[in-house]
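Provided below are the primary sequence and the corresponding predicted coordinates.
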Amino acid sequence: MLRQRMRIALLVGVVLTAFGGSLWANGGHGGGGCGAPCGAAPCGAAPYTAEAAPCGPTTRTVYVTEWVAENYETTRTSYRHDWREEKYTAYRQICVPETRTRTVTCYKTVHECVDKVCTVWDTVPCVETRTVMKRVETCKPVTTVERRCVDRGHWECQEVPTFLGNLHSRSSKKGGDCCDPCNSFCQQQCVKTRTKKVWVSCKVWEEHCCTKMVKSCEYVPQTCQVTVCKKVPRQVCQKVCVARCVPECRQETYCCNVTKCVPYEACRRVCVCVPVCEKVTCCRMVPRCVAKQVTDCAPSCNTCCEHSDSCHKRFRFARHSKCCN
């Protein structure tokens, strides 16, 4: 379809080029002019006269190519999507019990007695001469100076009031001193006393030398005979019980589940492109030559040049480049 349209457009271009060239060669008036000035007779024709060409516009027939729409029917192939059901082979997994046999290696403990040479350590007493430090305790006199406090006091006889005398003296103090010699009344009733032996203390620090025996400990080297026990190795052959692992192979049967793929027939829907031929109506542009009546300038009119621009604008393929002088 695209190629056909391109061919039509190329053909129309060639036709328009040839048609425009013929109009330009005829003087630009589209009616077979020869390039003569406005008001003159065309090439090969009798000159215009006042009787033959009156002053005013004239009408002539011009053939123009137009593009006309044309409908036509054609056949085209299109594709549509169609759903179809098809059968195919699918696989599914199932577990099937299966009995198998395998070889198992197990270890068995075997106890056996073997002769083995062992080293035995015997204790043997022996006498050795050794120097040891002997502890010796001795008592030595030690003189020390001791200070002690000694009371060097003495006994004295003192007059001490009695208990009743103390009470009387306390009561008489309110009225005055009873021992006053001027007070004759009090002299008669003087305080009663008694003689008491009183210790008068006099403490003195004295130093005394004291000798005492102090026990001291000293270590003196001394040589002596000591009985010691030594370990002496001895090789002995004896029975030893040994445990040994012995491998043993045996066949065993076991049951296991095996996964297998089983084919089965399934159905599914598939989208398929189906070609379809159909008739369609298309539209194309066809060039056609159409006759049209146009108004031309009068040959003897002096105002033809005034109307020449309007004439040139109306006819695109018949523009005249020369005007009346």
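It's in.

any idea where the helices of the protein begin and end?
For the chain, helices defined by DSSP state H occupy the ranges 2-25, 163-172, 184-188, 304-314.

Worst mean pLDDT among those?
If the helices of the chain are sorted by mean pLDDT, helix 304-314 sits at the bottom with a mean of 44.

which intervals of this protein have sub-threshold pLDDT?
The model of the chain has pLDDT under 70 over residues 1-3, 18-56, 164-191, 297-325.

quick one, strands of it?
58-151, 154-161, 193-200, 203-296 (DSSP state E).

among these, which is nearest Arg5?
In terms of Cβ to Cβ, the element of these nearest to Arg5 is strand 203-296, at 7.0 Å. In this view, the C-beta of every residue, glycine as well, is placed from N, C-alpha and C.

which other helices and strands contact that closest one?
If you count contacts as 3 or more Cβ pairs under 8 Å, 6 or more residues apart in numbering; DSSP states H and E, strand 203-296 packs onto helix 2-25, strand 58-151, helix 304-314.

Give the partner strands of it in its sheet and their orientations.
Sheet pairing for strand 203-296, assigned by DSSP bridges, gives strand 58-151 (antiparallel).

Contacts only, for His208.
Contacts of His208 were listed using Cβ atoms under 8 Å, 6 or more residues apart in numbering, and they are Val145, Glu146, Arg147, Arg148.

ok, what's across the strand from the second one?
Here Glu146 sits in beta bridges with His208, going by DSSP bridges.

That one contacts Glu206, doesn't it?
No: counting by Cβ atoms under 8 Å, Glu146 does not reach Glu206; the two are 9.2 Å apart.

Against Thr74, how distant is Pro275?
16 Å (Cβ to Cβ, to the nearest Å).

meant to ask about Lys140
Taking Cβ to Cβ, one finds Lys140 at 152 Å from Thr74.

neighbours around the residue nearest to Arg102 when sequence neighbours are not counted, how many?
Computed as Cβ to Cβ, 6 or more residues apart in numbering, the closest residue to Arg102 that is not its neighbour in sequence is Glu252, at 6.3 Å. Glu252 has 10 neighbours, counted by other Cβ atoms under 10 Å.

Can you verify my assumption that Glu252 contacts Thr101?
Yes: if you go by Cβ under 8 Å, Glu252 and Thr101 touch, sitting 7.3 Å apart.

Now distance to Gln4 too, for the strands of the chain, in JSON lines please.
Output for the strands of the chain, formatted as JSON lines (distance: least, Cβ to Cβ, whole Å):
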{"stretch": "strand 58-151", "distance to Gln4": "10"}
{"stretch": "strand 154-161", "distance to Gln4": "170"}
{"stretch": "strand 193-200", "distance to Gln4": "166"}
{"stretch": "strand 203-296", "distance to Gln4": "7"}
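
so what's Thr227 up against?
By Cβ under 8 Å, 6+ apart, the contact set of Thr227 is Pro125, Cys126, Val127, Glu128.

Show me what it is bridged to.
Beta-bridge partners for Thr227, by DSSP bridges, are Val127.

Quickly note the distance from it to Pro233.
21 Å.

same thing with Asn257?
Using Cβ to Cβ, Asn257 is found at 65 Å from Pro233.

what residues are up against the closest residue to Arg92 other than its chain neighbours?
What sits nearest to Arg92 in space, not counting adjacent residues and going by Cβ to Cβ, 6+ apart, is Val262, at 5.8 Å. Contact analysis of Val262 by Cβ under 8 Å, 6+ apart lists Tyr91, Arg92, Gln93, Ile94.

Out of these, which comes closest to Thr162?
Using Cβ to Cβ, those come closest to Thr162 at Gln93, 134.7 Å.

so how many other residues sit close to Thr89?
Residues near Thr89, counting by other Cβ under 10 Å, number 8.

Would you confirm that it contacts Cys267?
No: the criterion here is Cβ under 8 Å, and Thr89 misses it with Cys267 at 11.2 Å.

So which residues make contact with stretch 277-295?
Contacts to stretch 277-295, defined as Cβ under 8 Å, 6+ apart, come from residues 1, 4-5, 8, 11-12, 15, 30, 57-78, 311, 314-315.

how does it look with 6 Å?
Residues outside stretch 277-295 that contact it (Cβ atoms under 6 Å, 6 or more residues apart in numbering): 12, 57, 59, 61-77.

do stretch 94-105 as well
Here stretch 94-105 makes contact (Cβ under 6 Å, 6+ apart) with Pro247, Cys249, Arg250, Gln251, Glu252, Thr253, Cys255, Asn257, Val258, Thr259, Lys260, Val262.

now stretch 106-118
235-248.

8 Å instead?
Contacts with stretch 106-118, where a contact means Cβ under 8 Å, 6+ apart, come from 235-250.
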